[in-house]
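A.B. asks: Here's my sequence, what's the structure:
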Amino acid sequence: MARFRSLRWRLTCLYLGLLAVLLLAGGIAQYFAAREVLFRSNADVLVSEYNAVFTAFKRQNASRPATVVRALILSQTFSDELRSRRTSAAILGPNGGLIASTPATLATSPDVPTLTIQDYRTAALSRPKAYYMATAADGSTSLVVLNVIRNGTKAIALAQLSIPTDDIDRTLSLDRQVAVIGSLSVLLLALLLSPLIVGRALRPLKQMSDTAGKLAAGDYKQRVAVPRSSDEIGTLAVAFNQMAAGIDQAFEVRRQSEEQMRHFVADASHELRTPLTSIAGYIDVLGRREVVDPQTLQASLAAMQQESARMTRLVNDLLTLTRFESGRAPSRQPVVLDRFVGEALDELSLRDKGAVESRDLQPGVTVRADPEALKQVVTNLAQNALKYAPGAEQHWSVFQADGRAAIRLQDTGPGISRQDLPHIFERFYRGEKARDRSTGGSGLGLAIAKSIVEAHQGTIEASSEPGQGATFTAWLPLAA
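C.D. replies: Residues are numbered from 1 along each chain as shown. Next up, the predicted model:
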């Protein structure tokens, strides 16, 4: 029973059932069409025979008066002329009364088939039907044709020709047998071939089922073969592969995210452990001494305060980074970049910190941004340049290009090495010249700047050649 519950066998049974219904309907339609054709063709033959005999009979008696010819037509003589080996003939009145009759030579019954009085009256008053069917007392059936004999426009008699339907019935019986045998043969052939055809058509579905099982087991690289035909199954195979690729990509992103999170937690723990270890060391030293002189106490407290401030900056940077990487949109307002960047640089007082500063700020460039977050981008870029290129010239510029606004910093420092350049926006990454934490950096400044810019639907990029300085550009959408 489980086998017949499968889609393959359900489709096969449905196809065979539909084919059987169509063959039955076609056979019935073909049978009645053949029956009608046989009856009409035989009726046309009887009509042709009557017309030929009637024309010849009138030609033979053309020399006689019209009244004599009419009398002869209504006599036994004309009825005998109409009779043939299988054809019975009769001359009847308009109301069906028998005037003359001549059975067929080989007729099994001497009686001429008769119709109802209403059939005769209707045929005399209007046009007769193409043919009539008459059943005798012994159960035999005859095909009857009526021809109206007129005197001018008035119907004076009916000439009836009839033949038994035995030959027609035998032909129809043979036709039925051929139709039944042919239909059964077609159904048997369809029964043998349908499971193979349907199974081949559904083979991609079986592959999809197997592939789905492998995907569920964790093999996200599995794909199905796309059929060459562009039918529904081919479309489903393409959609299935796209879904599998999406799942694979999603799990790869998740894996990378988890890997980054593990690195992030390890790096954050490492960065926090250093100041905590220093503070614990100072506390341990002070705790071992019974008497601590004021100078040692002040030095220890100052060192612990420095480490505490460093740890506070690191925690604040982590919170800032988490806030902008969480996907929450920052609050925005129109910001005119030339005034904004100028004020931010004035507050930084870069010249007092040993940097040579120059500006080229295009007026009127406006973006929608969070002023505090955007100020942190400027601050982090400036502090990064002070740390990696102390005393170098910093050239700041604001401009717009390709429908975007840009904040650009170019320095004349030693530049960034090719192995460091692809990683400078990663969290906790420090270039080879800044591995020492004594500079106070945590390796989060450029990562925070990147997160802030991307949260504003912008991008940030860096370019550098060793010994030729570095260029940082933050691109932001222009305000509508």
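
A.B. asks: Is Y15 located within a strand, as I assumed?
C.D. replies: No: remark: Y15 does not belong to a strand; assigned using DSSP: H, G, I helix; E, B strand; the rest coil, it is helix.

A.B. asks: What degree of burial does it show, as a neighbour count?
C.D. replies: By the measure other C-beta atoms under 10 Å, the count of residues near Y15 is 16. For the C-beta atoms, the positions are set from N, CA and C on the backbone; glycine is no exception.

A.B. asks: Could you do the one 5 residues further on as well?
C.D. replies: Residues contacting A20 under the criterion other C-beta under 10 Å number 15.

A.B. asks: Name the spans of the stretch 301-450 of the chain whose pLDDT lies under the cut-off.
C.D. replies: Per-residue confidence of the stretch 301-450 of the chain (counting by pLDDT under 70) places the weak regions at 313, 317-318, 320-329, 430-443.

A.B. asks: how does it look with 50?
C.D. replies: Low-confidence segments of the stretch 301-450 of the chain, defined by pLDDT under 50, span residues 433-440.

A.B. asks: again, but for the stretch 1-150 of the chain
C.D. replies: Low-confidence segments of the stretch 1-150 of the chain (pLDDT under 50): 1-2, 106-109.

A.B. asks: Tell me where it has strands.
C.D. replies: Counting by DSSP state E, counting those that start in this stretch, the segments of the stretch 1-150 of the chain that form strands are 88-92, 98-102, 132-135, 141-151.

A.B. asks: Restricting to C-alpha, output stretch 81-96 in CSV.
C.D. replies: Below are the C-alpha coordinates for stretch 81-96, written out as CSV (Å, rounded to 0.1, in the frame of the first residue of the first chain):
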residue,chain,number,x,y,z
GLU,A,81,-40.2,-2.0,-59.8
LEU,A,82,-38.9,-0.6,-56.6
ARG,A,83,-38.3,-4.0,-55.0
SER,A,84,-34.8,-5.6,-55.1
ARG,A,85,-33.1,-8.6,-53.6
ARG,A,86,-32.9,-7.0,-50.1
THR,A,87,-35.2,-4.0,-50.5
SER,A,88,-38.8,-4.1,-49.6
ALA,A,89,-41.1,-1.6,-51.3
ALA,A,90,-44.6,-0.3,-50.5
ILE,A,91,-46.9,2.4,-51.8
LEU,A,92,-48.9,4.0,-49.0
GLY,A,93,-51.5,6.8,-48.8
PRO,A,94,-50.7,10.1,-47.1
ASN,A,95,-52.2,8.7,-43.8
GLY,A,96,-50.2,5.5,-43.9
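
A.B. asks: quick one on the thing from earlier: please work out which of the strands of the stretch 1-150 of the chain is packed deepest.
C.D. replies: When the strands of the stretch 1-150 of the chain are scored by mean count of other C-beta atoms under 10 Å, the highest mean neighbour count falls to strand 88-92 (a mean of 24).

A.B. asks: ok, that one: who's next to it in the sheet?
C.D. replies: Here strand 88-92 is paired, per DSSP bridges, with strand 98-102 (antiparallel), strand 154-164 (antiparallel).

A.B. asks: Now render those strands as a markdown table, adding distance to Q60.
C.D. replies: Formatted as a markdown table, these follow (distance: least, C-beta to C-beta, whole Å):
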| stretch | distance to Q60 |
| --- | --- |
| strand 98-102 | 18 |
| strand 154-164 | 17 |
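
A.B. asks: of all the ones you listed, which lies closest to L92?
C.D. replies: In this view, the strands paired with strand 88-92 are compared for proximity to L92 by C-beta to C-beta, and strand 154-164 is the closest at 4.7 Å.

A.B. asks: tilt between the closest one and strand 141-151?
C.D. replies: Orientation note: strand 154-164 sits at an angle of 160 degrees relative to strand 141-151 (axes from the mean of the first three to the mean of the last three C-alpha atoms, to 10 degrees).

A.B. asks: Switch the strands of the stretch 1-150 of the chain over to CSV; also include distance to V224.
C.D. replies: Output for those, formatted as CSV (distance: least, C-beta to C-beta, whole Å):
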stretch, distance to V224
strand 88-92, 75
strand 98-102, 82
strand 132-135, 64
strand 141-151, 64
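
A.B. asks: Between the ones you listed, which one is closest to Y282.
C.D. replies: Ranked by C-beta to C-beta, the member of these that lies closest to Y282 is strand 132-135, at 124.2 Å.

A.B. asks: hey, where'd the strands end up in the stretch 301-450 of the chain?
C.D. replies: Taking DSSP E, counting those that start in this stretch to define them, one finds strands in the stretch 301-450 of the chain at 333-336, 356-361, 366-369, 393-401, 404-411.

A.B. asks: Can you check which of the ones you listed gets nearest to F425?
C.D. replies: With respect to F425, and counting by C-beta to C-beta, the nearest of the strands of the stretch 301-450 of the chain is strand 404-411 at 14.3 Å.

A.B. asks: starting at the chain centroid, how far to that closest one?
C.D. replies: Going by C-alpha atoms, centre = their mean, to the nearest Å, the spacing between the C-alpha centre of strand 404-411 and its chain's C-alpha centre is 46 Å.

A.B. asks: Dump that strand to CSV, keeping only the CA atoms.
C.D. replies: Output of strand 404-411 as CSV, limited to C-alpha atoms (Å, rounded to 0.1, in the frame of the first residue of the first chain):
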residue,chain,number,x,y,z
ARG,A,404,28.2,61.3,-2.7
ALA,A,405,29.9,63.5,-0.1
ALA,A,406,33.5,62.7,1.0
ILE,A,407,35.7,63.5,4.0
ARG,A,408,39.3,62.8,3.2
LEU,A,409,42.5,62.8,5.2
GLN,A,410,45.9,62.7,3.5
ASP,A,411,49.1,62.5,5.6
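
A.B. asks: and for it, what are the contacting residues?
C.D. replies: Outside strand 404-411, the residues within contact range by C-beta atoms under 8 Å, 6 or more residues apart in numbering are 337, 341, 365-367, 377-378, 381-382, 385, 389, 392-400, 458, 469-478.

A.B. asks: Distance-wise, check T171 relative to A479.
C.D. replies: With distances taken as C-beta to C-beta, to the nearest Å, T171 is found 92 Å from A479.

A.B. asks: re earlier: with respect to G234, which of the strands of the stretch 1-150 of the chain lies nearest?
C.D. replies: Judged by C-beta to C-beta, the one of those that comes nearest to G234 is strand 132-135, at 56.8 Å.

A.B. asks: So which other helices or strands are in contact with the closest one?
C.D. replies: Counting contacts by 3 or more C-beta pairs under 8 Å, 6 or more residues apart in numbering; DSSP states H and E, the secondary-structure elements packed against strand 132-135 are strand 141-151.

A.B. asks: can you give me how far the strand it packs on is from the chain middle?
C.D. replies: The gap between the average C-alpha position of strand 141-151 and the chain average comes to 66 Å, counting by C-alpha atoms, centre = their mean.

A.B. asks: CA atoms only: put it into CSV for me.
C.D. replies: These are the backbone C-alpha positions of strand 141-151, laid out as CSV (Å, rounded to 0.1, in the frame of the first residue of the first chain):
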residue,chain,number,x,y,z
THR,A,141,-35.0,-4.0,-37.3
SER,A,142,-35.3,-2.3,-40.7
LEU,A,143,-34.0,1.0,-42.1
VAL,A,144,-36.9,2.8,-43.8
VAL,A,145,-36.8,5.7,-46.3
LEU,A,146,-40.0,7.6,-47.3
ASN,A,147,-40.3,9.4,-50.7
VAL,A,148,-43.3,11.7,-51.3
ILE,A,149,-45.3,11.2,-54.5
ARG,A,150,-46.9,14.5,-55.5
ASN,A,151,-49.4,15.6,-58.0
